[in-house]
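**Q** Prediction below, plus the sequence it came from.
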Amino acid sequence: MTATMGFVEEELAQVWAELLEVTGAPVDLDSEFAGLGGGPEQARLLAARIDEDLGVDVPAAELLGAGTLAEMARLVRAAMGRGAAGPSQGGPGAAGPTGPRPGARQERPQLSFAQQRLWFMQQIDPDTTLYNVPTVLRLRGALDRAALGRALDALVARHEVLRTTYAAPSGLPYQVIADPVPLELPYTDLTGAADPEAEAERVAAEEGAAVFDLAAGPPLRVRLVRVGADEHRLIVTFHHVAVDGWSVEILFRELGQLYGDGEPPAEVPLHYADYASWQRDRLRGETLDALVDHWREALGDDPKALAVPTDKPRGTARGFRGAVTTRQLRPELVSAVREFSRGERVTPYMTLLATLHTLLAGWSGAEDITVGTPVAGRDRPELQDLVGCLINMVPVRVRLDGGPGFRELLARVRTAVLDASAHQELPFDKLVEALVSRRSRDFMPVFRVMFSFLKEQPEPVFAGLDGCSLDLTGPQDTAKYDLSLYAQERGDGLALTLEYDTDLFGPDTPAALLAAYERTLAEAISRPGTPVTELAAARFAAGTASGPQSPQPRTESGTERNTHRDR
């Protein structure tokens, strides 16, 4: 720490380093929160830590707007001078002292809101694999199969949600948590195959496409495949009812720790059933009413999803059939996006989302654009290492009236993102139930386009192996929304993946969309004062087909199936 740092600055620097996983140069007074990767989720967690460590309430939006460590410290000192009350006295979604407690659950634990929706969708279509979360861990080196088996058993023993089934004898589901038992680990040697890698991919696809029985469990399957003398693939398929993307990263990190002889993971103080009971108890009464009132003000009554032009007529029901197209952004453009975002005191996520709003406005001709985006739901410190499905979807509504330049639009997006993040606790299904008419609920409500920013995470480490890499790519033949844009950090680059509904689009339009997105992004950050109607997105509409927009498809709403740490 520098000599000019006081107690508050040192405290903030330490928390920044922990939350943002800062390596290399130490955090100093001129360090920028957004520049180090801080976004709305991290700001909410930081607000909770400031309340816990310093006893003052500083709203997450103000922390994110402060920019540098020095400016943030001034905000905290001002709050200390006012004797600000802790967040427990704040509005809905504030992080207070009454968090989830270990063992605080019913004899028959209820499902969380996210779990209940996933369970319900599985009952409607027992053969669906839409909520499968397939993963492949590539292991290079002399693998100890027995040690891997023991590590898997220990992992399942650590986390109750991995050995939970769901019973509903009277129609209302509850969690049934089984005692730990050894996990079956089927083994297949493919070294004799003509193309072991291709055969391993086929096996992984087969595993990922198998249906889960949530009443019989467990909500995961594993298979070990050998593809070379010292090359293995650990294929693990989860059901979304038990994990989200954040959880998957926790589980594979812990699996590596349990495989080796080093320091084992810390004991698990809190289990998902504790969280589910706490969430159910918390989201009722005045807290629930305040959240609903906020979203009603933000979205209006019976909000309608944006209808983009389609290549094919919409049917009366959705088949969730999809495909993906990808595009790798040039490293120099990615670097420019990061530099531009630092200068505007926003995160790259916000810049990319503003670009998507610009593209959708130019394509559709609409000036009121709502895009869905996932939030981790882990703004409390005790939820950081919890395995389970905590993710929620929130709408980000932005108006483009008045002919804003890109910089002005970015400011509107920033405000909308911070507002959505501050009120993210309302489960999306509760939002739909409260705001959307029963007739409209039968269709895709609120939004049909989704955006997710996925940060690069460290690969798992397995002692004695030469290397490991985790493939979190989900199935590429399904689509939950009309369009889902994923921006994935990869080193100095950024990979764009656009998942699209093949009942609505042929392959040419999504590919053209990604190309237009890249052009729009490059123009926007180089000429941020340019009205968004004059950017490349406005010219995209002329080259696309437009199919009938009605009738609209029936669909489910709610949880994003495979989203990782974002923003």
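**A** Great, that's in hand.
**Q** mind giving me the domain ranges of the chain?
**A** Dividing the chain into domains by automatic domain parsing, as the record does, gives the ranges 7-89, 113-272, 304-459+470-543.
**Q** Among the ones you listed, which comes closest to G99?
**A** Set against G99 and scored by C-beta to C-beta, the domains of the chain come closest in domain 304-459+470-543, at 5.3 Å. For every residue, glycine as well, the C-beta is placed using N, CA and C.
**Q** what is the rounded mean pLDDT of that closest one?
**A** Summarised as a single mean, pLDDT over domain 304-459+470-543 is 90.
**Q** picking that back up, who wins for proximity to G285 among the domains of the chain?
**A** Evaluated with C-beta to C-beta, the domains of the chain place domain 304-459+470-543 nearest to G285, the distance being 13.3 Å.
**Q** how about T165, secondary structure?
**A** Taking DSSP: H, G, I helix; E, B strand; the rest coil as the rule, one finds T165 in the strand state.
**Q** Please convert the domains of the chain to CSV, extending it with mean neighbour count and distance to L283.
**A** Conversion of the domains of the chain to CSV gives the following (neighbours: other C-beta atoms under 10 Å; distance: least, C-beta to C-beta, whole Å):
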stretch, mean neighbour count, distance to L283
domain 7-89, 18, 16
domain 113-272, 18, 7
domain 304-459+470-543, 20, 7
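**Q** Save those domains as a markdown table, and put in distance to R105 too.
**A** As requested, the domains of the chain are arranged in a markdown table below (distance: least, C-beta to C-beta, whole Å):
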| stretch | distance to R105 |
| --- | --- |
| domain 7-89 | 22 |
| domain 113-272 | 8 |
| domain 304-459+470-543 | 13 |
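**Q** For D293, find the nearest of those domains.
**A** Across those, D293 has its closest neighbour in domain 304-459+470-543 (9.2 Å, C-beta to C-beta).
**Q** any idea how far the closest one is from the chain center?
**A** How far domain 304-459+470-543 lies from its chain's middle: 12 Å, per C-alpha atoms, centre = their mean, to the nearest Å.
**Q** which element is S452 on?
**A** Here S452, judged by DSSP states H and E, is contained in strand 449-454.
**Q** And that strand, what does it pack against?
**A** With contacts taken as 3 or more C-beta pairs under 8 Å, 6 or more residues apart in numbering; DSSP states H and E, strand 449-454 sits against helix 348-364, strand 368-375, strand 483-490.
**Q** List the contacts of it.
**A** Outside strand 449-454, the residues within contact range by C-beta atoms under 8 Å, 6 or more residues apart in numbering are 245, 306, 308, 348-349, 352-353, 356, 360, 371-374, 393, 480-489, 560, 563-567.
**Q** Strands of the stretch 251-400 of the chain, residue ranges please.
**A** Taking DSSP state E, counting those that start in this stretch to define them, one finds strands in the stretch 251-400 of the chain at 322-329, 368-375, 392-399.
**Q** would JSON lines of the ones you listed with distance to G506 be doable?
**A** Putting the strands of the stretch 251-400 of the chain into JSON lines (distance: least, C-beta to C-beta, whole Å) gives the following:
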{"stretch": "strand 322-329", "distance to G506": "10"}
{"stretch": "strand 368-375", "distance to G506": "23"}
{"stretch": "strand 392-399", "distance to G506": "27"}
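**Q** Let's see the biggest helix by length in the chain as CSV, backbone CA atoms only.
**A** Longest helix in the chain, counting residues (DSSP state H): helix 508-526. Presented in CSV, the C-alpha positions along helix 508-526 are these (Å, rounded to 0.1, in the frame of the first residue of the first chain):
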residue,chain,number,x,y,z
ASP,A,508,-27.7,-16.2,-43.2
THR,A,509,-29.5,-13.7,-41.0
PRO,A,510,-27.7,-14.6,-37.8
ALA,A,511,-24.3,-14.5,-39.5
ALA,A,512,-25.1,-11.1,-41.0
LEU,A,513,-26.2,-9.9,-37.6
LEU,A,514,-22.9,-10.8,-36.0
ALA,A,515,-21.0,-9.0,-38.8
ALA,A,516,-23.2,-5.9,-38.4
TYR,A,517,-22.7,-6.1,-34.6
GLU,A,518,-18.9,-6.0,-35.0
ARG,A,519,-19.2,-3.0,-37.4
THR,A,520,-21.5,-1.2,-35.1
LEU,A,521,-19.3,-1.7,-32.2
ALA,A,522,-16.2,-0.5,-34.0
GLU,A,523,-18.0,2.6,-35.2
ALA,A,524,-19.7,3.4,-31.9
ILE,A,525,-16.5,3.5,-29.8
SER,A,526,-14.6,5.4,-32.4
